[in-house]
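S.K.: sequence and predicted model, in that order:
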Amino acid sequence: MKKGDTMQAVLKKIAQYYPFTADRFVCLGGFNQHVFKNNSYVLKVFREDQASIEQLEHEVNVTAFMNRAGVPSAKIVQSFNGREIEHILYRGVHYFCFVQTHIAGDSIPITDLKSTQVYQWGASIGALHETGKLYPHKAKVQHWHEESLLSVAEGLLEEPLQSNWRNLYNQLSALSTNHQCYGLIHHDFHHENIRFSKNKLYILDYESAIHHWYIYDLAIPIYHAALFIEKDKRCQWYESFSTMLLEGYASKTTLQKKWVDKLPYFVYYRQWYSYLYFEKHLEKNEQVTQMLEKMKSYLAAEKTII
């Protein structure tokens, strides 16, 4: 059976547990093409080799917590069985899934964003961080160095990148992790994971939420947004974009200036993280290889894209 046919059969089984229309699944994307819309709901479904039930529980728990606390996010939808996560067995393969409400808003291109929307973006990051300080400590949340990607990072690299990465990792390891600068972050707060609906910004996809430095959550949107800005205009763009983002952030929480000053450093770290992620997960073809070589040239020279 073809891959697409298998997924359609799995979706048909899943439809028995939720208020879905069986033939109306539309793939929205996701790294594994695993996110689907059906009516006013969004379904995430994973094979057992793509994510564990513990990882799904983590995303469901953080999403539900943020929603209850008033951070604009999707609402988790229980199955007809009263479960937040369902387990499907199809032809000997286990699948896990959960459902949330669909946010009917706009994903605005970076170059079309107004300064007020960038301010909202920063304010949303600040609200998430402030709310995250109340997230139950008994809930298991990984720390930055516990990510599986970082455990294999050196094996993905050759010199001089290996030494450059080791130096960066050691520098990060030496930073303070007190509650003023470090805690629960979204970890994937780029423009594809926000929606504007009726002048309100909604946050999507808490799958990667982790304990990390707060300033890193501000560096992530900057790094990904910069990729859409012409190279010779990035410095000027960075000044205006980061200023509005930080002003919005400061309206909801506080971060010491010594950490704000590390923003370019954490943009550089996001370059590394993105390279490592793509190196590990993307199938290599000519286009991917060219992209990775370009990323490597920046990292070998220890330069940011800004």
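M.R.: Done, it's in.

S.K.: list the buried residues in stretch 297-306.
M.R.: L299, T304, I305, I306 (16 or more other C-beta atoms under 10 Å). Where you see a C-beta, it was placed from the backbone N, CA and C, and this is true even at glycine.

S.K.: could you do stretch 183-198 as well?
M.R.: Buried-residue list, stretch 183-198, by 16+ other C-beta under 10 Å: 183-191, 193-196.

S.K.: from these, which is closest to L292?
M.R.: H190 (19.0 Å; C-beta to C-beta).

S.K.: and the nearest residue in space to the closest one that is not next to it in sequence, what helix or strand is that in?
M.R.: Sequence neighbours aside, H224 is the residue nearest to H190 in space, at 3.8 Å (criterion: C-beta to C-beta, 6 or more residues apart in numbering). Per DSSP states H and E, H224 falls inside helix 214-226.

S.K.: which residues touch that helix?
M.R.: 110, 121-122, 125, 128-129, 181-183, 185-191, 234, 237-238, 241-242, 245-246, 249, 253, 255, 259-260, 262-263, 266-267, 269-271, 274, 305-306 (C-beta atoms under 8 Å, 6 or more residues apart in numbering).

S.K.: from the residues you listed, which would you call buried?
M.R.: 110, 121-122, 125, 128-129, 181-183, 185-191, 234, 237-238, 241-242, 245-246, 249, 253, 255, 259, 262-263, 266-267, 269-271, 305-306.

S.K.: so which of those sit within helices?
M.R.: 121-122, 125, 128-129, 234, 237-238, 241-242, 245-246, 249, 259, 263, 266-267, 269-271 (DSSP state H).

S.K.: distance of E57 from N193?
M.R.: According to C-beta to C-beta, to the nearest Å, E57 and N193 sit 20 Å apart.

S.K.: repeat for L175
M.R.: 25 Å.

S.K.: any stretches of the stretch 101-250 of the chain with poor pLDDT?
M.R.: Within the stretch 101-250 of the chain, the stretches with pLDDT under 70 are 137-138.

S.K.: quick one: the strands in it?
M.R.: Applying DSSP state E, counting those that start in this stretch to the stretch 101-250 of the chain gives strands spanning 182-185, 194-197, 200-203, 210-213.

S.K.: and those strands as JSON lines, adding distance to Y169?
M.R.: Output for the strands of the stretch 101-250 of the chain, formatted as JSON lines (distance: least, C-beta to C-beta, whole Å):
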{"stretch": "strand 182-185", "distance to Y169": "16"}
{"stretch": "strand 194-197", "distance to Y169": "29"}
{"stretch": "strand 200-203", "distance to Y169": "28"}
{"stretch": "strand 210-213", "distance to Y169": "14"}
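
S.K.: and the residue nearest the centre of this protein?
M.R.: The centre of the chain sits closest to D188, judged by C-alpha atoms, centre = their mean, with a distance of 2.2 Å.

S.K.: got the phi and psi for it?
M.R.: phi -150, psi 40 (degrees, to the nearest 10).

S.K.: residue contacts, it?
M.R.: With the criterion set at C-beta under 8 Å, 6+ apart, D188 makes contact with D205, E207, S208, I220.

S.K.: quick one: which of the residues you listed is most hemmed in?
M.R.: I220 (25 neighbours; other C-beta atoms under 10 Å).

S.K.: please report phi then psi for the residue nearest to E130 when sequence neighbours are not counted.
M.R.: With sequence-adjacent residues excluded and distances taken as C-beta to C-beta, 6+ apart, E130 is closest to T253, at 4.3 Å. When read as degrees, to the nearest 10, the backbone of T253 gives phi -160, psi 180.

S.K.: before we move on, what about A209?
M.R.: Dihedral angles for A209 - degrees, to the nearest 10 - are phi -50, psi 140.

S.K.: and the closest residue to it other than its chain neighbours, how close does it get to L113?
M.R.: Spatial nearest neighbour of A209, chain neighbours left out: V62 (4.7 Å); criterion: C-beta to C-beta, 6+ apart. According to C-beta to C-beta, V62 stands 26 Å off from L113.
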